[in-house]
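Q: Return a 3D structure for these sequence lines:
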Amino acid sequence: QVSGGEDEIQQLQKALLDYLDKNTETDASLVFSRKFYIAQWFRDTTMETEKAIKSQKDEDSSEGTHHAKDVETTGQIMHRAESRKKFLRSIIKTAPSQFSTLKMNSDTVDYEDACLIVRYLASMRPFAQSFDIYLTQ
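A: As a prediction, the model looks like this:
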């Protein structure tokens, strides 16, 4: 369970990174996994922002008018993306041994929970969301 207030995805990312950091002594490949996830989430955030900007420009050019509601939505997406990027940059700058100060639920995230978090975060990716389309085709 994640507490309200903060971005749910970001809380799950924190929990997963905490689990990976805590278990790097037992499995050295988790260091690579941790760096891979950080890079992938940063890339996903950048792609989400670019898609929002592109869709906004396409709507503006096709309609010929400018809607304040669309701008607000794009602004919210940009704000959320910047906060996620800021979080990921802070994680990148933090050495793994110092990451313990950012720990969220170190005692509650075990292997099964980490697997569940990974599956949930993977289901949010575009390929997983469009898998039914691929199967249909």
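
Q: Past the least confident helix or strand in the chain by mean pLDDT, which element shows up next along the chain?
A: The helix or strand of the chain with the lowest confidence, counting by mean pLDDT, DSSP states H and E, is helix 126-129 at a mean of 70. As assigned by DSSP states H and E, the chain's next helix or strand after helix 126-129 is helix 131-136.

Q: ok now that following helix, how far from the chain's centre?
A: 24 Å (Cα atoms, centre = their mean, to the nearest Å).

Q: Alpha carbons only: can I get it in PDB?
A: Taking Å, rounded to 0.1, in the frame of the first residue of the first chain, the C-alpha atoms of helix 131-136 are listed here in PDB:
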ATOM      1  CA  PHE A 131      -0.200  -6.100 -26.200                       C
ATOM      2  CA  ASP A 132      -3.800  -7.000 -27.000                       C
ATOM      3  CA  ILE A 133      -3.500  -5.100 -30.300                       C
ATOM      4  CA  TYR A 134      -0.400  -7.100 -31.200                       C
ATOM      5  CA  LEU A 135      -2.200 -10.400 -30.400                       C
ATOM      6  CA  THR A 136      -5.200  -9.400 -32.400                       C
END
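
Q: can you map out the strands along the protein?
A: For the chain, applying DSSP state E gives no strands.

Q: give me the low-pLDDT residue ranges for it?
A: 1-6, 60-72, 95-108, 128-129 (pLDDT under 70).

Q: Just give me the neighbour total for the spatially closest residue to residue 12 that is not a sequence neighbour.
A: Leaving aside its chain neighbours, residue 12 sits nearest to residue 117 (5.1 Å; criterion: Cβ to Cβ, 6 or more residues apart in numbering). Just so you know, the C-beta spots here come from the backbone N, C-alpha and C atoms, and that holds for glycine as well. Residues within reach of residue 117, counting by other Cβ atoms under 10 Å, total 17.

Q: swap in residue 29?
A: Neighbours around residue 29, by other Cβ under 10 Å: 9.

Q: Thank you, goodbye.
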